[in-house]
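>>> Below is the structure, and that's it, no one-letter string:
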């Protein structure tokens, strides 16, 4: 029997969807005692809690899929009632060997929880959820800005020579994207007789305006992110190589103290726990391709920044170059070291009290 089964009398597995949720109540031995499908709204949540109160009167824990997506509403309601809630992953397709139904998935979620020593806590909301929203929206804005700049550059490249020449410097090279945007903002379109030239230049001017507006929007979200990060993890932005975007990726995955039981678990989630890849007399490790790829991306960007600008990291790379380890091996070691340091930093950092 697992540690969780020893502590709890019942486990309630919940399979969540956009419009409905299905719950299954299991005893600590794995026997199903009740199940119920509800609408994903407050009235349904209350109905489910009443049913569980009757079917599982002892110590119980909820194993909910998608606590920050489809199950967010139910998770918040349960936590407000003082219920114990844990997060379980949705099943991969190969794991569904006994058919597919919402009740089967709910039972599987409960039994998976029973087999685990400890359930992951749901990611905290409030300021951290606000940070996630700001970071994801900023990324969408930056992606749209990139598409607009590519479109603008394409209009210059495909333009007739008498137009394209206006956007080259004295050496014959195209202007930088920043200068190109400024030149397009200053274009005069009125009075141009040729319809193709008029439409092309008018389009370029409108795209340039959109680029500037997107830059302002991205800067707004970056300021919001920086303010939230300073409240959630004071000092994080002062660490070498860490900026608002990478800090947001780290914080939204880390979430809160207790979500990861050790720095090794955090490193595994980040995909930087080394995997043995030895053969014969050759002893080596390779990069881990699993884990949370956004968190892995954040660590990779921080390490790349440190390799360029941080004296301590530059010195480490210089000392170890030319040995048996390749540059990729050195970056893997630095990412693992960074994961350990970030986890310890976040574990001992207390968020600013906003009450």
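Structure's in. What do you need? Please read all numbers here as calculations on a predicted model, not as lab measurements.
>>> Burial check on residue 248, number of neighbours?
28 (other CB atoms under 10 Å). Every residue, glycine included, has its C-beta placed from N, CA and C.
>>> for residue 295, that is, sorry about that
24.
>>> so who does it touch?
249-250, 253, 269-271 (CB atoms under 8 Å, 6 or more residues apart in numbering).
>>> With residue 260 instead?
Residue 260 neighbours (CB under 8 Å, 6+ apart): 254, 266, 269, 343.
>>> That one looks like it's in a strand, true?
No. Assessed with DSSP: H, G, I helix; E, B strand; the rest coil, residue 260 is coil; it does not lie in a strand.
>>> pLDDT at it, what is it?
Note for residue 260: predicted pLDDT of 83.
>>> same check, this time on residue 132
At residue 132, pLDDT is 89.
>>> Could you report the neighbour count for the closest residue in space to it that isn't next to it in sequence?
Nearest residue to residue 132 in three dimensions, chain neighbours excluded: residue 252, at 4.6 Å (CB to CB, 6 or more residues apart in numbering). Residue 252 is flanked by 22 other residues according to other CB under 10 Å.
>>> got a list of what residue 252 touches?
Counting by CB under 8 Å, 6+ apart, residue 252 touches 123, 128, 131-132, 135, 294.
>>> one step back: most surrounded residue in the contacts of residue 260?
residue 266 (26 neighbours).
>>> ok, which pair from the contacts of residue 252 is furthest apart?
Greatest spatial distance among the contacts of residue 252 (CB to CB): 128 and 294, at 14.4 Å.
>>> Compare the two (neighbour count), which wins?
For residue 128 versus residue 294, the count of surrounding residues by other CB under 10 Å is larger for residue 128: 20 against 16.
>>> Which members of the contacts of residue 260 are positioned in helices?
Using DSSP state H, the members of the contacts of residue 260 that fall within helices are 254, 266, 269, 343.
>>> Assess the claim that the last one and residue 269 are in contact.
No. Taking contact to mean CB atoms under 8 Å, the distance of 9.9 Å between residue 343 and residue 269 leaves them out of contact.
>>> and the least confident of the ones in helices among the contacts of residue 260?
Scanning the ones in helices among the contacts of residue 260 for pLDDT, the low point is residue 269. It has 83.
>>> ok, now which ones touch it?
Going by CB under 8 Å, 6+ apart, the list of residues near residue 269 reads 253, 260, 291-292, 295.
>>> Likewise for residue 211?
When contacts are counted by CB under 8 Å, 6+ apart, residue 211 is found next to 145, 148-149, 152, 181.
>>> tell me which element it falls in.
helix 195-232 (DSSP states H and E).
>>> And that helix, what's buried?
For helix 195-232, burial by neighbour count (16 or more other CB atoms under 10 Å) applies to 200-201, 204-205, 207-208, 210-212, 214, 217-218, 221-222, 224-226, 228-230, 232.
>>> still on that earlier bit, out of the contacts of residue 252, which are inside strands?
Using DSSP state E, no member of the contacts of residue 252 falls in strands.
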